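**Student:** A predicted structure for the sequence below; I have some questions about it.
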Amino acid sequence: MPAYFVVELEVRNMDAMAEYRAAVPGTLEKYGGRFLARGGATELVEGGPEPKRIVILEFADAAAVKRWYNSPEYQKILPGRLANASGRAFIVEGA
């Protein structure tokens, strides 16, 4: 069953995030991940507040998401996101 890594972010320093953003794609292939959405325009249709930036990654299953997230490759670059953006990240299992 596919699983998705969803991140809702408010970026405080986009320039400082550039290195992280450039490095993420190189961490995905080994774990079968791919981008479905990467910070494109959002339109709030219910509730609030409106999200600032949404990223959605797709993987084969939740175990693959966890392997990627906990991988040395991703953990090496993660501090770049944590230092320059706030938000939340979660795994959603697909249908």
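**Tutor:** That came through fine. Numbering: from 1, shown residues only.

**Student:** now for the longest helix anywhere in the chain, which elements pack on it?
**Tutor:** Taking DSSP state H as the criterion, the chain has its longest helix at helix 14-28. In terms of contacts (3 or more CB pairs under 8 Å, 6 or more residues apart in numbering; DSSP states H and E), helix 14-28 is packed against strand 34-38, helix 72-84. For glycine as for every other residue, the C-beta is placed from the backbone atoms N, C-alpha and C.

**Student:** buried stuff in the helix or strand following the last one?
**Tutor:** Using DSSP states H and E, the helix or strand that follows helix 72-84 in sequence is strand 85-93. Using 16 or more other CB atoms under 10 Å as the burial criterion, the residues of strand 85-93 that qualify are Ala85, Gly87, Ile91.

**Student:** Check stretch 52-59 too.
**Tutor:** Under the neighbour-count criterion of 16+ other CB under 10 Å, stretch 52-59 has Arg53, Ile54, Val55, Leu57, Glu58, Phe59 buried.

**Student:** Quickly find the element holding the fifth one.
**Tutor:** Secondary structure assignment for Glu58, by DSSP H and E: strand 53-59.

**Student:** What strands line up against that strand, and which way round?
**Tutor:** With DSSP bridges as the test, strand 53-59 is paired with strand 3-11 (antiparallel), strand 34-38 (antiparallel).

**Student:** after it, next one along is what?
**Tutor:** Elements were assigned by DSSP H and E; along the chain past strand 53-59, the next helix or strand is helix 62-69.

**Student:** ok and that following helix relative to helix 72-84, angle-wise?
**Tutor:** 70 degrees (axes from the mean of the first three to the mean of the last three CA atoms, to 10 degrees).

**Student:** tell me the mean pLDDT over helix 62-69?
**Tutor:** Helix 62-69 shows a mean pLDDT of 99.

**Student:** Would you pull up how far that helix lies from the middle of the chain?
**Tutor:** Distance of helix 62-69 from the chain centroid (CA atoms, centre = their mean, to the nearest Å) equals 12 Å.
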